[in-house]
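[1] this is a predicted model, with the sequence first.
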Amino acid sequence: MLHSLTEYWLRMAICLIDLNKFTGPSDHTFNTVLIFLFLYNL
């Protein structure tokens, strides 16, 4: 379960990084919050 959740958050982070390349830093705060949640769930 934990490994599955970690893999999910890792994929989310990768997707956010890819999206950030196209959208720019406009959603930087939103990405920071999600990355924090990702690290918190590790």
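    On my side now, so go ahead. Numbers count the residues shown, from 1 in each chain.

[2] buried ones in the longest helix along the chain, by neighbour count?
    Using DSSP state H, we find that the single longest helix of the chain is helix 2-23. The neighbour-count check on helix 2-23 (16 or more other Cβ atoms under 10 Å) flags 9, 13, 16 as buried. C-betas here are computed from N, CA, C, even on glycine.

[3] got the CA coordinates for the helix or strand hosting Y40 in CSV?
    Secondary structure assignment for Y40, by DSSP states H and E: helix 28-41. Written as CSV, here are the backbone C-alpha positions of helix 28-41 (Å, rounded to 0.1, in the frame of the first residue of the first chain):
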residue,chain,number,x,y,z
HIS,A,28,4.7,27.5,-8.7
THR,A,29,3.0,27.7,-5.3
PHE,A,30,0.5,25.0,-6.2
ASN,A,31,3.3,22.7,-7.3
THR,A,32,5.3,23.5,-4.1
VAL,A,33,2.3,22.3,-2.0
LEU,A,34,1.9,19.1,-3.9
ILE,A,35,5.7,18.4,-3.7
PHE,A,36,5.5,19.0,0.0
LEU,A,37,2.6,16.5,0.3
PHE,A,38,4.7,14.0,-1.8
LEU,A,39,7.6,14.3,0.6
TYR,A,40,5.3,14.1,3.6
ASN,A,41,3.9,10.8,2.4
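
[4] thank you kindly, that will do.
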